[in-house]
Structure formats: C-alpha cells, structure tokens
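S.K.: Build me a structure from this.
(one chain, ligands or ions: 1)
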Amino acid sequence: VTDAVETARFMAMKGAGYYSKVTVSARDAIDAATPSVIEAVHRLPIGDDGSPVRVADLGCADGGTSIGLWHQVLTALRQRVPGRAIEIVYTDLPQNDFSQLFRMLHGQTDIESYYGKIPNIYPFASATSFHQAIFPPSSLHLAFSAHASHYISKVPCPISEHVHMVGATEAERAAYEQTGSLEWERLLGLRARELVPGGRLCMLSFGIDEDGHYVGHTGGVSVFDTFNTLWRQLADEGGITHDEYLRTNFPQVFRTTEQFTAPLHDEKSDVRAAGLRLESIEWRIQECPFARSFKEHRDPERFAREYVPTLRSWSEPTFANGLSPDRSPHERLAVLDGFYGRYGQLVAKDPEGHKMDLVDILMTCVRE
Ligand SMILES: C[S@@+](CC[C@H](N)C(=O)[O-])C[C@H]1O[C@@H](n2cnc3c(N)ncnc32)[C@H](O)[C@@H]1O
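M.R.: Predicted coordinates:
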C-alpha cells in the first residue's frame, strides 16, 4: 500500500463498516431525531405530480447510522407521494468508503436496508464537499445531515497546546470560530439555493450547549483533553515528534446556539437573502451507551474494549494526518495502535467518569 492510498484511507471515517458498527450512539441520536424529520416531510408543499423527488444525506459516512431514519422518512414520503420516484443522494468526501455504503444498501452486510422494501426509490452518491454546491438550484426537497457540519474545510492555524479548538488559546480559538462562522454561513447559503421553495434542511450538529457541554465533555473525563494529554505524552517521550504534535489539529468547530443561528437571524445575511428561515431548534444529549452498560457490568477491561473503538472510529483520521508523510504505513499503524492502546489502559485502570455523550443541536430550516 502506498502512502498516498494509506493517507486517503485515513482521511474519512474508518472504513469497511467499522464506523457504523462501533458508533451506536450516533445511530441512537439519529433515531431520536427521526420524528422531527418526518414532521418536516409532512410539511413539504408537494403534490403527487409524477416528477421525481430528491432527498439527501450530507456527510453520510458508511450510511449505517442513518439507515433506520431513512427507512422511516422514505416510508412517510412514499405515503405522501405514492406516484413520484424518490432519489436519495448520499454525500461525503471523495475518500469516503462509498462501496461499503452501497453494499449495505443492497443487503450485502448485516445491517438491514430499506432498499427493495419501499417501491420506486433510487439511491445515488455524490463525493462533492458540502462546503461546495452539490445540487442544481431548486432541485432538492429535503436534506438531512448528522454529526458532520462541525468539519471545516481547512484548519486556520495550528493549535499550540492542544489538538482541538476547545483547548486552544484565545487567539487560536477566535481564528477557528471565524472560519467556522464563514463556512457555516456559506453552507447554509448553498443549501438554500439547492432547496426547492418549501424544501426543508434538517441539521443534527455537534455544538456547545448553554452549560458549556459538547461531545465527550459533559462532566467526568473529557475526551479531547485525554486525547491531548496522551498525544502530548507520546511527543514528550519521543514516540512522535513535536512537529507531529503541532500538525495534529481536529478540523472541527463546535458552535454555540448564537453562532448557529446568527446567519438565520441577521436580516442582511446571504442566507436570509437566499430565503432560508429557521423553523425549529432544540438541544439533545445522547448518553454514552458504553458508560451506561459499564454501570451494570462493572468490568473495566470490557468497558475499555468496547469504548475506545467508538473514539477511534472518528478521531483516527486526525491523528493519522498529524503524522509525518515520511512514516511508512506500518509505522503509522503502530503509532496509532499504541496511542489508542494507552487510552484503553487508562480506562481499564481508572474507568470512572469516562464517557462520550453526544451533545447535538437539531435545527430545521425551510426555504421560503
Ligand atoms: C462523524 S461522521 C458522521 C457520519 C454520520 N452522518 C453519522 O452521524 O453517524 C462525519 C462525516 O462527515 C464527513 N465530512 C466531513 N467533512 C465533509 C465535507 N466537507 N463534505 C461532506 N462530508 C464531510 C466525514 O467524511 C464523515 O463521514
């Protein structure tokens, strides 16, 4: 395997179905958001005129975590417009494991698919970033996106003493927030133009709630601080270089309610000019299923074994990207295995307080 291939493999969520297998809480959070998306379907101003209807899943990864949502949402849409073909477009970055997505949809994995159970459904994929235009103007009826909009297209600066903007210095954090706000406004403006009048955008996004909580940071042991401590330890011991430590920055911005809603409230924003209006907004916390089950089984080794893969499924690309391109694929894997191994040892030794609760904001917008 060449380095280029190896890097590409690491850039998206961990492939070959690993992501949805270990990301139980993302699926739980998406399932919990499903009634709101069905409500949006009921409000779509569409008639049964025979033309195709288009829906999209933006930042779908391997599609496994949203399959239950789409089963229900497509069923609701099918009932509303029995005579219209439905196109469902799955989007993610080019490096995403799209073949896993289609294997799953077509019943070649152990995940149950809606395909073949609801008539007249046509799945497609797009590997165009959601920071760019994906669909022709006024051609999208409903878009759903989960746990993806916190990804910015590039990091504005290295974070000197941490790996995530939540632990950055004031100036560094301001740079991330500025990129975050520009890209959020642009993303909403792009979607507003793609939606048909009356079309709905349902975004389930990681953010910072009014208690200052965010994913992996809800009291107890903070996931991002632990990542930083262990990565820093590796740098101090010479397991990675100081340069690699500095190059490791999550390309993510967690936004507050004010930051999420600013372009929708600002009368002069491009988003408002494009006709997008906020219909509903609510915060939700999805409890960590591994910490919950640890409370019952009380086996620290088992907890570590079950919990750490869920962290690895989404964080590994960032740590892999921080490593020097001169390292061989074998070396990279050894560093990463060692790093997550340490996380596991920490949890097994002192399990209390470890958890990754999801902190999500669910926003539904309508294009007027
Ligand atoms: C944490 S996963 C979420 C997957 C799934 N939606 C869920 O909630 O379980 C984030 C996904 O967003 C994708 N992503 C990140 N930046 C993106 C972009 N600019 N355009 C499209 N997808 C992106 C990643 O590749 C990844 O598959």
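S.K.: What's the separation between the closest residue to the ligand within the stretch 251-368 of the chain and S25?
M.R.: Distances between the stretch 251-368 of the chain and the ligand by CB to the nearest ligand atom are smallest at W314, namely 4.6 Å. All C-beta atoms are positioned from the backbone trio N, CA, C, and that covers glycine. Applying CB to CB, to the nearest Å, the value for W314 to S25 is 11 Å.
S.K.: I111 too?
M.R.: From I111 to S25 the distance is 16 Å (CB to CB).
S.K.: Compare these two (neighbour count), which wins?
M.R.: S25 (23 against 19; other CB atoms under 10 Å).
S.K.: do the helix or strand hosting the more buried one and the ligand meet?
M.R.: Using DSSP states H and E, S25 sits within helix 24-43. Yes. Residues of helix 24-43 contacting the ligand under CB under 6 Å from any ligand atom: A26, I30.
S.K.: so what secondary structure elements neighbour that helix?
M.R.: helix 67-80, strand 140-146, strand 195-208, strand 276-286, helix 289-297, strand 358-367 (3 or more CB pairs under 8 Å, 6 or more residues apart in numbering; DSSP states H and E).
S.K.: now those in CSV, with mean pLDDT and distance to the ligand?
M.R.: Below are those laid out as CSV (pLDDT from 0 to 100; distance: least, CB to the nearest ligand atom, whole Å):
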stretch, mean pLDDT, distance to the ligand
helix 67-80, 98, 10
strand 140-146, 98, 3
strand 195-208, 98, 7
strand 276-286, 97, 11
helix 289-297, 95, 14
strand 358-367, 98, 9
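S.K.: any idea which of these is most buried?
M.R.: Neighbour counts (mean count of other CB atoms under 10 Å) averaged over each of the helices and strands packed on helix 24-43 peak at strand 140-146, with a mean of 25.
S.K.: Checking the most far-flung residue of the chain relative to its centre next. Helix, strand or coil?
M.R.: The centre of the chain is farthest from one residue, D49, which by CA atoms, centre = their mean lies 34.4 Å away. Following DSSP: H, G, I helix; E, B strand; the rest coil, the label given to D49 is coil.
S.K.: shouldn't it be in contact with P82?
M.R.: No. Look at D49 against P82 with CB atoms under 8 Å: they stay out of range, at 11.7 Å.
S.K.: And the strands in the stretch 201-350 of the chain?
M.R.: 255-256, 276-286 (DSSP state E, counting those that start in this stretch).
S.K.: Tell me how far D97 lies from G64.
M.R.: 11 Å.
S.K.: count of residues packed around the nearest residue to L246 once chain neighbours are set aside?
M.R.: Closest residue to L246 apart from its sequence neighbours, by CB to CB, 6 or more residues apart in numbering: P158 at 4.9 Å. Neighbour count for P158, taken as other CB under 10 Å: 14.
S.K.: In a strand, P158, correct?
M.R.: No. Checked against three-state DSSP, P158 lies outside a strand; its state is coil.
S.K.: hey, C-alpha coordinates of stretch 199-206 in CSV?
M.R.: In CSV, the C-alpha atoms belonging to stretch 199-206 read as follows (Å, rounded to 0.1, in the frame of the first residue of the first chain):
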residue,chain,number,x,y,z
GLY,A,199,-37.9,22.4,0.9
ARG,A,200,-36.5,21.5,4.3
LEU,A,201,-33.0,21.3,5.7
CYS,A,202,-32.7,19.2,8.9
MET,A,203,-29.2,19.6,10.6
LEU,A,204,-28.2,17.5,13.6
SER,A,205,-24.9,19.0,14.6
PHE,A,206,-22.4,18.8,17.4
